[in-house]
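Peer 1: Give me coordinates for this.
(one chain, ligands or ions: 1)
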Amino acid sequence: MTAPQPKPWIMAIAPYIPGRSTTDDGRKVAKLSSNENPLGTSPAARAAFAGASNSLERYPDAGASELRETLAARHGLDPARIIYGNGSDEILHLAAGAFAGLGDEIIHVRYGFAVYEIATRRVGAVPVIAPDKDYATDVDAILAAVTDKTVMVYVANPNNPTGTYTSRAEVARLHAGLRPDTLLVLDHAYAEYIEGDAEDGGMALAETASNVLVTRTFSKMYGLAAERIGWGYASPAIIEAMHRIRLPFSITIAGTAAAVAAVGDTDFVDHTRAHNATWRRWFSDEIGKLGNAGLRAVPSQANFVLVVFEGKVSAEDAYKGLMDAGFIVRWLPGQGLPQALRITIGTEEETRGVATALRALVEAAG
Ligand code: PMP
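Peer 2: This is a model prediction of the structure:
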């Protein structure tokens, strides 16, 4: 052999495909493909970011103590049990890195977040796919997929790309059905968007159980996707294991300052939540009116809606039509969803624009 050979399990990874912001011919269009915050960033976070970028020669605080203390105070948590990462993506990788290895099995749902499979294969573990129940997470299917080799389960709640929510009772049932040595990773990237601020009990489980890790992010509700800040909460033993392999300085000084300020700007968060709830409901209702044409919106508790196309207009046609109309959304044939589009809830204007464009496509198809 003449060159270094990547490990076979690495070559089995399908690389992550990020949401796009331009069309094939380079036109700039409204980006509704990555579930970002259409209202921008908290003004307080923006000001803190600008004010913190004056010590470029210094490493950040490797313990991110101010951020951990701020999060702990805001959510009533133990700061020693908080770990930060370069986006919650890093935490998802740390979990597999610390708790799974060659030949172990990690379960995720059929329409799950793409990073679960990448993080699983990266450590030589085997992804085991649990079937969904009409796009929603099926706890019985996950429990049925457990074998002697299962070391972890990844569940996003709400789930991406389906937007579906798993109730508190179902999460408790899932946890109760797993062995105590199986790590349950509850991915709360979209948890702040759940209607009425209900929650799935994941943080309480992470507080009391020795096999639950909750991951959270500043990329969505807090409007800080560019700064790559995520965090996790779990038992001291889980956190300690992940600390052993994490990058020492994976978040920046300015980003951390922005995150600390963002936690304090509850007005911005409340405004974002209310905006999203209003327009998610409106948009889902509009899709419902196109039911005769075979469109349906999967019930969502996130900041996006999965629209399924079962009539004359295919998801691919709609993807192209929306692009022509000035909107990039997410078509995910590579994730087994050639029949659906995941559409981020945008500004009022964008959301109305997408609904109008979809209606026009349906009418044109007759
Ligand atoms: N989990 C889920 C379910 C997501 O959709 C995303 C963002 N695409 C992430 C985690 C990662 O987000 P970040 O790394 O920006 O925190």
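Peer 1: Pull the number of nearby residues for the residue of the chain found nearest the ligand.
Peer 2: Closest contact between the chain and the ligand, by C-beta to the nearest ligand atom, is at G87 (2.4 Å). All C-beta spots, glycine's among them, are computed from the backbone N, C-alpha and C. For G87, the neighbour count with other C-beta atoms under 10 Å is 24.
Peer 1: Enumerate every residue touching it.
Peer 2: 217, 219, 228-230 (C-beta atoms under 8 Å, 6 or more residues apart in numbering).
Peer 1: Would you point out the most distant pair within these?
Peer 2: The most widely separated members of the contacts of G87 are T217 and R228, with 9.2 Å between them, by C-beta to C-beta.
Peer 1: Which residue of the two possesses the greater neighbour count?
Peer 2: Higher neighbour count among T217 and R228: T217, with 24 against 19, using other C-beta under 10 Å.
Peer 1: Let me know the pLDDT of the nearest residue to T150 once chain neighbours are set aside.
Peer 2: In space, and not counting its chain neighbours, T150 is closest to E105: 4.9 Å by C-beta to C-beta, 6 or more residues apart in numbering. Model confidence at E105, given as pLDDT, is 98.
Peer 1: what is E105 paired to in the beta sheet?
Peer 2: V126, T150 (DSSP bridges).
Peer 1: And it, how far from A44?
Peer 2: According to C-beta to C-beta, to the nearest Å, E105 stands 44 Å off from A44.
Peer 1: quick one: which of these two has more around it?
Peer 2: The neighbour comparison of E105 against A44 (other C-beta under 10 Å) goes to E105, with 20 against 17.
Peer 1: Who is the residue of the chain closest to the ligand paired with across the strands?
Peer 2: Here G87 sits in beta bridges with I229, as judged by DSSP bridges.
Peer 1: quick one: terminal-to-terminal distance for stretch 226-237?
Peer 2: End-to-end distance for stretch 226-237: 30 Å, by C-alpha to C-alpha, to the nearest Å.
Peer 1: Buried residues in it, which are they?
Peer 2: 227-235 (16 or more other C-beta atoms under 10 Å).
Peer 1: Spell out which parts of the stretch 201-350 of the chain neighbour the ligand.
Peer 2: Proximity of the stretch 201-350 of the chain to the ligand, by C-beta under 6 Å from any ligand atom, involves residues 217, 219, 225, 230.
Peer 1: Quick check: the farthest pair among these?
Peer 2: A225 and G230 (10.5 Å).
Peer 1: Name the residues contacting each of the two.
Peer 2: What both A225 and G230 touch, as defined by C-beta under 8 Å, 6+ apart, is the set 218-219.
Peer 1: all strands for this structure, in order.
Peer 2: Here the chain has its strands, by DSSP state E, at 30-31, 82-86, 105-109, 126-130, 150-156, 183-187, 212-217, 229-233, 295-297, 304-309, 327-328, 330-332, 337-344.
Peer 1: so can I have TSV of those showing distance to P8?
Peer 2: Compiled in TSV, these are given as follows (distance: least, C-beta to C-beta, whole Å):
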stretch	distance to P8
strand 30-31	36
strand 82-86	27
strand 105-109	17
strand 126-130	12
strand 150-156	20
strand 183-187	25
strand 212-217	28
strand 229-233	29
strand 295-297	40
strand 304-309	33
strand 327-328	35
strand 330-332	26
strand 337-344	27
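Peer 1: quick revisit: nearest to P79, out of the residues of the stretch 201-350 of the chain next to the ligand: which one, please.
Peer 2: G230 (16.1 Å).
Peer 1: ok, the closest one - contacts?
Peer 2: G230 neighbours (C-beta under 8 Å, 6+ apart): 84-91, 215-219.
Peer 1: quick one: low-confidence parts of this protein?
Peer 2: Scanning the chain with the threshold set as pLDDT under 70 gives 53, 197.
Peer 1: Tell me where it has helices.
Peer 2: Listed in chain order, the helices of the chain (DSSP state H) span 8-11, 43-51, 65-75, 87-99, 114-122, 139-145, 168-177, 202-208, 236-245, 253-264, 266-288, 315-324, 348-364.
Peer 1: what's the distance between the longest one and the middle of its chain?
Peer 2: Averaging C-alpha coordinates over helix 266-288 and over its chain gives two centres that are 18 Å apart (C-alpha atoms, centre = their mean, to the nearest Å).
Peer 1: Cool, thanks, signing off.
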